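> build me a model from this:
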Amino acid sequence: MGRETGRKLIAQNRRARHDYHIDETYEAGLVLTGTEVKSLRQGRASLVDGFAHINDGEVWLENVHIPEYSQGTWTNHAARRSRKLLLHREQISRLIGKTREPGRTLVPLSLYFSDGRAKVEIALARGKREYDKRHAIAEREAKRDMERALRRRR
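Numbers count the residues shown, from 1 in each chain. Model prediction:
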């Protein structure tokens, strides 16, 4: 069996881009058990309520739902357990300083396989206010209307 290459998307948190201003993104590895990897290879995961936090110099991913592997036995994993993220020491120390600022949090954006290894893209984000969300929707609709008008003119 050949080695996997490229990037295969498993799950994406589209709601995060709506609810947060994304400042910086990081790619992190995940510490997983065997049945978690098999469940991910089937394309089953949800990042909806997920978040990350830093505890004792380690970054942990919480509330990410990876369902139990269907052919697993008693060695199956818990669906919403805490998972350790693998980042460089400099990145962790930078994140510690940035997450101490009020209103900043770490949210997962996507979960994917990169060259056969499970990775998660986390973002340092600031929460949007309700009026920011309405403004973003209005901008998107105005841009769409302009593009429609330009197409009609052609």
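> and the longest helix seen in the chain, what does it pack onto?
In the chain, with assignment by DSSP state H, the single longest helix is helix 130-153. With contacts taken as 3 or more C-beta pairs under 8 Å, 6 or more residues apart in numbering; DSSP states H and E, helix 130-153 sits against helix 14-19. For the C-beta atoms, the positions are set from N, CA and C on the backbone; glycine is no exception.
> with just CA atoms, put the helix it packs on into CSV.
Extracted in CSV, the C-alpha atoms of helix 14-19 (Å, rounded to 0.1, in the frame of the first residue of the first chain):
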residue,chain,number,x,y,z
ARG,A,14,-17.6,27.2,9.0
ARG,A,15,-19.5,28.7,11.9
ALA,A,16,-16.2,29.9,13.4
ARG,A,17,-15.5,32.3,10.5
HIS,A,18,-18.9,33.8,11.0
ASP,A,19,-18.7,34.1,14.8
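> could you pull out the buried residues of it?
Within helix 14-19, the residues that count as buried by 16 or more other C-beta atoms under 10 Å are 16, 17.
> between the helix or strand following it and helix 130-153, how big is the angle?
Following helix 14-19 in sequence order, the next helix or strand is strand 20-30 (DSSP states H and E). Going by axes from the mean of the first three to the mean of the last three C-alpha atoms, to 10 degrees, strand 20-30 is angled at 100 degrees with respect to helix 130-153.
> now the angle between strand 20-30 and the helix or strand bottoming out on mean pLDDT in the chain, please.
In the chain, no helix or strand scores lower on mean pLDDT, DSSP states H and E than helix 34-41, which sits at a mean of 84. Angle, helix 34-41 to strand 20-30, by the same axes, to 10 degrees: 130 degrees.
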